[in-house]
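no sequence for this one, just the structure:
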């Protein structure tokens, strides 16, 4: 989404000095780990912007997330409004000081196990509520 709005990406996070590998875990033979609880395990903290949309929604300023991506947002797109592409979750504790989440996109897999993960569940509940509110407004 960021590229579609004129932004740029780090092409391979793990090649940046001092950054953790954000790709999914693999076995020694190179195959993707067969256990989804290992693949989608929460791996690092993300610091939310105090008073930002995610901090308000989740009631905290730090969350722990999974990480299964190779690229990351470098610069938000110029064609996007600050209202949409506001930096809401810079991750400094993971050794990866890049934008982790934007109001219109995320870089963790919140769709994994929202039944048991309270952060993921809260995001999907808020999304559903926003859809219903938009539908009511016509």
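Perfect, thanks for sending it. For clarity, every value in this text was computed on a predicted model and none was experimentally measured. Residues are numbered from 1 along each chain as shown.

Just the pLDDT for residue 84.
pLDDT recorded at residue 84 is 40.

all helices of this protein, in order?
With DSSP state H as the criterion, the chain has helices at 36-39, 53-58, 118-137.

out of those, which comes closest to residue 68?
helix 36-39 (7.1 Å; C-beta to C-beta). Where you see a C-beta, it was placed from the backbone N, CA and C, and this is true even at glycine.

what does the closest one contact?
The contact list for helix 36-39 (C-beta atoms under 8 Å, 6 or more residues apart in numbering) reads 24, 25, 32, 33, 68, 112.

and of those residues, the nearest to residue 127?
The nearest one, if we look at the contacts of helix 36-39 relative to residue 127 and count by C-beta to C-beta, is residue 112, at 14.9 Å.

per-residue pLDDT, the closest residue to residue 6 other than its chain neighbours?
Nearest non-adjacent residue to residue 6, counting by C-beta to C-beta, 6 or more residues apart in numbering: residue 77, 3.8 Å away. With respect to pLDDT, residue 77 scores 78.

what about residue 77, how many neighbours?
Residues lying near residue 77 (other C-beta atoms under 10 Å) number 18.

thinking again about what came up before, which stretch among the helices of the chain is buried most, on average?
Most buried of the helices of the chain by mean neighbour count (mean count of other C-beta atoms under 10 Å) is helix 53-58; its value is a mean of 17.
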